[in-house]
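*Asks:* Let me see the structure of the following:
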Amino acid sequence: MVLTNYVAAMDCWKGRVDSTTDYDAFRWHQWVQPLDLNEVTEPMNCKLGFAFLGFCSEQGVKRNKGRVGTALAPDFIRAQMSNFPCTFSKEVKFFDAGNILCDEISMEEGQWLLGHAVEKILDLNLFPIVLGGGHETTFGHFQGQLADLKKKKESLDMGIINFDAHFDLRPYEHGPSSGSMFRQIADIYKKEQAVYHYLPLGIQEHSNTVSLFKYAKEIGADYILAKEIQTANYSTILEKIDTFLYECDSAYITICTDVFSSAFAPGVSATQSLGLDPEVVLPLLKHILRTRQVRGFDICEISPRFDQDNTTANLGAVLIFAVVNTMCKLNNLAIDVLK
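*Replies:* This is a model prediction of the structure:
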């Protein structure tokens, strides 16, 4: 199918140029290539390839009565990624797959388009990194991952790991939002007669109703509270993550930036004064990636409208840098400058 409401975003990639010939001096904006998902159909011939795709949506946040502004986030994240150094070999390829615009279509239409875009990226043998958007981004991304699993006749035992202060398991009888995705996904798994593997990390007791805690238990979703991550022994947290992943054939990671303390992430839809420190989250993220089970990643809920000096957009960009860098190391494609 042809993607609509779809535009290029290469203009966002600009920054310092130290050299035009010495690859060791290159930055991401010099290495990323445009990718039109409506034109390219053949798998990319590279050892490891990443495709950045923006989902410019805030409708789910608005429905969820949050602070709108997330539709602008993808381009702000790109701007923060532009000057990152290329700490990987030339065998690693970067592609920018553009933005899906949701200002003139419904949230559901946008999620459907995002799902098809993610499916196309996976067809091209690339790792999707989706730049949200509100956390409704996740439902669109999930649809693409599910379609790919079905098409390849692979197991639907894909574990979903959500770094988030909220369960996002709210009922959606009156319409879905940025707070209902994981309940929607649970219903899809039930319909498919597949086991739903869902693990939220960083849950805040003061940000979720008793009903949501009960529903999480009802569907068999384990969770790790923010205070556990802040105070528990790291090995205990890693053991819980490993136990969860042991039951899954693959995994998908989504990060809602409201999981972080507002000291590090002021520009989000719902701030958290007692949120997590990114230095605590990064080792957990890298540990999950090292299992080699992860097939997709997205980052959501960055709201430039409320950001301070692009602090939150920069945090999102640094998390993406960690994802890319970790995967390059796993594939022996990283340049280790610290040796």
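*Asks:* How far away from the center of its chain is the helix or strand hosting residue 113?
*Replies:* Using DSSP states H and E, residue 113 sits in helix 107-123. Distance of helix 107-123 from the chain centroid (C-alpha atoms, centre = their mean, to the nearest Å) equals 14 Å.
*Asks:* Beyond it, next helix or strand please.
*Replies:* strand 127-132.
*Asks:* Helix or strand next in line after that next one, which one?
*Replies:* From strand 127-132, the next helix or strand downstream (DSSP H and E) is helix 137-151.
*Asks:* what's the offset of that following helix from the middle of its chain?
*Replies:* Distance, centroid of helix 137-151 to centroid of chain: 13 Å (C-alpha atoms, centre = their mean).
*Asks:* buried residues in that helix?
*Replies:* Within helix 137-151, the residues scored as buried using 16 or more other C-beta atoms under 10 Å are 137-149. Backbone N, C-alpha and C define where each C-beta goes, glycine included.
*Asks:* for stretch 22-33, same thing?
*Replies:* For stretch 22-33, burial by neighbour count (16+ other C-beta under 10 Å) applies to 26-32.
*Asks:* In CSV: the residues you listed, plus pLDDT.
*Replies:* Formatted as CSV, the buried residues of stretch 22-33 follow (pLDDT from 0 to 100):
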residue, pLDDT
26, 98
27, 98
28, 98
29, 98
30, 98
31, 98
32, 98
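*Asks:* how about the buried residues of helix 137-151, which pair is most distant?
*Replies:* For the buried residues of helix 137-151, the farthest-apart pair by C-beta to C-beta is 137 and 149; their separation is 18.8 Å.
*Asks:* does the most centrally placed residue in the chain count as helix, strand or coil?
*Replies:* Centroid-nearest residue in the chain, with C-alpha atoms, centre = their mean: residue 298, separated by 1.1 Å. Counting by DSSP: H, G, I helix; E, B strand; the rest coil, the backbone at residue 298 sits in strand.
*Asks:* ok, now which ones touch it?
*Replies:* 55, 128-132, 137-138, 141, 253-255 (C-beta atoms under 8 Å, 6 or more residues apart in numbering).
*Asks:* ok, which pair from these is furthest apart?
*Replies:* The span of these, defined through C-beta to C-beta, is set by 55 and 253 at 15.7 Å.
*Asks:* okay, the two: which has more neighbours?
*Replies:* residue 55 (30 against 22; other C-beta atoms under 10 Å).
*Asks:* In this structure the more buried one contacts residue 118, no?
*Replies:* No: using C-beta atoms under 8 Å, residue 55 is not in contact with residue 118; the gap is 9.7 Å.
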